[in-house]
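A.B. asks: let's see this in three dimensions:
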Amino acid sequence: MVETKDLQKLARDLYFNPKMEFDGVSGEDAMRNAINDALGGQYTIYSWQKHKQDVFQIIATAIDAVVPTLLTNQFDNLADIRNVATGDTPLFKVNDPRGIRVGRVAAGDQDLRRQTITGRSFQIQTEWFGAAVYAEFEQYVAGDIDWSTLVDRCANAFTIQIESMIADAMTASYDDLDASYKVSGAATLDAISTLANRVKLKASAPVAVYGTASALAKVAAMENVSLYSGDMKNEMNTKGYLGMVRGLKLIEIPQAMKVNSDEFAIDDNKVLVLPDNEKIIGVVLEGDTQVIEGDNTARNDLQMSMKVLQKIGVGVLQMKVYGMAELAAK
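C.D. replies: All right, here's what the predicted structure looks like:
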């Protein structure tokens, strides 16, 4: 049976490069061979009943190798993604953003109000999320199940779920922001610049504006297009937005789609203003993905079903210093 580290590498590499080779064979064949070895080289109902737990473990290991990579690629600038063992609750530490106040002291008087220099820690609770899939038994016997595609689709499903949870958490956090750190209605470039300066001074760090390509394009359009240089126009045509507007660095958050929907997961009408290297979202993936057999007791047909389960938690670290601005919908 393939080693766990080799299987993890195979799953990651195969997801991003379906035409890859692994140990002299195609990546798809390598995954199929791993399943075949787990089944003792036989595609029969008896081999499935005897070895299905080994197959489930391979699928779970492959999914666990892919999902964190997909999330990191999408939200590395925004989210602190933690993989922890079952039962562990990681602490997300946030420095207290308040400055230390200096006051006048009368001669001989040392009575000063103390201020803590420690930050706060947050915990994010996880919940079970799951998906159920199946294949026809005839496909299994004929060796026609594309196991790598099964892994990729399950990994995508959980990634989309987490993306939606992150997007929902960011949207909900807008209402909790202090009025000084959000721009409501149709923001102007002046208002965004003022917000960015406030966040910069509060955090004592450079800041950038984050949003989808569509959102950043709206920010760029606020500047006088007639003042664009030739390079700026070329950049706008190439990327769809500018990397820098009025001294503000613009960084894209890749858009995502809600599952089985034409609706975007991330709001194209909001932008975030964040200090450099500040991650305002905490994501917890607790324990290994669990793949178990589905309930076939109520079925008369020959189908192989399985449930894929994962414990996930997402939360906004509210004490972080950041701002948000609403943009005019177009």
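A.B. asks: for the rest of this, base every contact and every neighbour count on C-alpha atoms.
C.D. replies: Fine.
A.B. asks: please enumerate the helices of this structure.
C.D. replies: With DSSP state H as the criterion, the chain has helices at 4-16, 27-38, 45-75, 137-141, 147-176, 189-203, 213-222, 230-239.
A.B. asks: in the fifth one, what's buried?
C.D. replies: Read it as helix 147-176. For helix 147-176, a neighbour-count test (16 or more other C-alpha atoms under 10 Å) marks 147-148, 150-152, 154-168, 170, 174 as buried.
A.B. asks: ok, residue 310 - contacts?
C.D. replies: Neighbour list for residue 310: 128, 129, 130, 285, 286, 287, 288, 289, 290 [criterion: C-alpha atoms under 8 Å, 6 or more residues apart in numbering].
A.B. asks: rerun at 6 Å
C.D. replies: Residues near residue 310 by C-alpha atoms under 6 Å, 6 or more residues apart in numbering: 128, 129, 289.
A.B. asks: pLDDT score for the second one?
C.D. replies: Reading off the confidence values, residue 129 has pLDDT 94.
A.B. asks: ditto for the last one
C.D. replies: Residue 289 carries a pLDDT value of 95.
A.B. asks: separation between it and residue 83?
C.D. replies: According to C-alpha to C-alpha, to the nearest Å, residue 289 and residue 83 sit 11 Å apart.
A.B. asks: before we move on, what about the first one?
C.D. replies: Using C-alpha to C-alpha, one gets 15 Å for the distance from residue 128 to residue 83.
A.B. asks: one step back: more neighbours: residue 289 and residue 83, which one.
C.D. replies: Shown here are residue 289 and residue 83; by other C-alpha atoms under 10 Å, residue 289 has more neighbours (20 against 16).
A.B. asks: can you give me the end-to-end distance of stretch 256-270?
C.D. replies: For stretch 256-270, the end-to-end distance is 15 Å (C-alpha to C-alpha).
A.B. asks: show me which residues of that stretch are buried.
C.D. replies: Quick answer for stretch 256-270 (16+ other C-alpha under 10 Å): 256, 265, 266, 267, 268, 269, 270.
A.B. asks: could you dump the helices of the chain to JSON lines with mean pLDDT and distance to residue 312?
C.D. replies: As requested, the helices of the chain are arranged in JSON lines below (pLDDT from 0 to 100; distance: least, C-alpha to C-alpha, whole Å):
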{"stretch": "helix 4-16", "mean pLDDT": "91", "distance to residue 312": "20"}
{"stretch": "helix 27-38", "mean pLDDT": "91", "distance to residue 312": "26"}
{"stretch": "helix 45-75", "mean pLDDT": "92", "distance to residue 312": "12"}
{"stretch": "helix 137-141", "mean pLDDT": "82", "distance to residue 312": "31"}
{"stretch": "helix 147-176", "mean pLDDT": "91", "distance to residue 312": "8"}
{"stretch": "helix 189-203", "mean pLDDT": "94", "distance to residue 312": "30"}
{"stretch": "helix 213-222", "mean pLDDT": "91", "distance to residue 312": "27"}
{"stretch": "helix 230-239", "mean pLDDT": "85", "distance to residue 312": "33"}
